[in-house]
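J.: Just need the structure, nothing else, for what follows:
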Amino acid sequence: MYTTKSTRSESSINVTPLADVSLSLLLGFMVITPIIFQTLSATLPQGAGAASGQVKPDPIVEYTADRRILLDTKEVTMEELLRRIEELHRPGSGAKRKVMFTGAGELPYDEIITFLDQLREHGVETIGIR
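T.: Numbers count the residues shown, from 1 in each chain. Got it, this is the predicted structure:
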């Protein structure tokens, strides 16, 4: 009798390695995700001179389009501004000499830079542009 050999091969996908890799990745992400979002808690020392509610805001200097100078919304002359800036930032106080500045967009660039240079010459270390 004849026995016929089956030349037809059966192919099937082995799902076990796919499931193993998928579950391993899922487990890895579940372990790593809390570590990524974990925050570092730190206790910061309090400042020696000022409590958290006693911090003085930086003075705001505004140079308007009609060339008026405002210090904290009060109109001043350039000499008075420089004198008041020096009063606010006494030498040896340990505080950084900072000023917030707002300049009108209509003014020429070189005029604004000259104004800021005068502030720097009179002891202002940091100028914040608003």
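
J.: Quick check: pLDDT value at His38.
T.: For residue 38 the amino acid is Gln, not His. The predicted local distance difference test score for Gln38 is 64.

J.: can you offset everything so residue one is 506?
T.: Right, with 506 as the first residue, what we last looked at is Gln543.

J.: just checking, what packs against the helix or strand encompassing Glu567?
T.: Under DSSP states H and E, the secondary-structure element containing Glu567 is strand 565-568. Applying 3 or more Cβ pairs under 8 Å, 6 or more residues apart in numbering; DSSP states H and E, one finds that strand 565-568 contacts strand 574-576, strand 603-608, helix 614-626. Every C-beta, even on glycine, is put in place using the N, C-alpha and C of the backbone.

J.: Now that strand: buried residues?
T.: Val566, Glu567, Tyr568 (16 or more other Cβ atoms under 10 Å).

J.: And for Glu585, the neighbour number?
T.: Counted by other Cβ atoms under 10 Å, the residues lying close to Glu585 total 13.

J.: Next up, the contacts around it.
T.: Taking Cβ atoms under 8 Å, 6 or more residues apart in numbering, we find Glu585 in contact with Leu576.

J.: Kindly report the same for the one 5 residues further on.
T.: Listed by Cβ under 8 Å, 6+ apart, the contact set of Ile590 reads Pro564, Arg602, Val604, Leu624, His627, Gly628, Val629.
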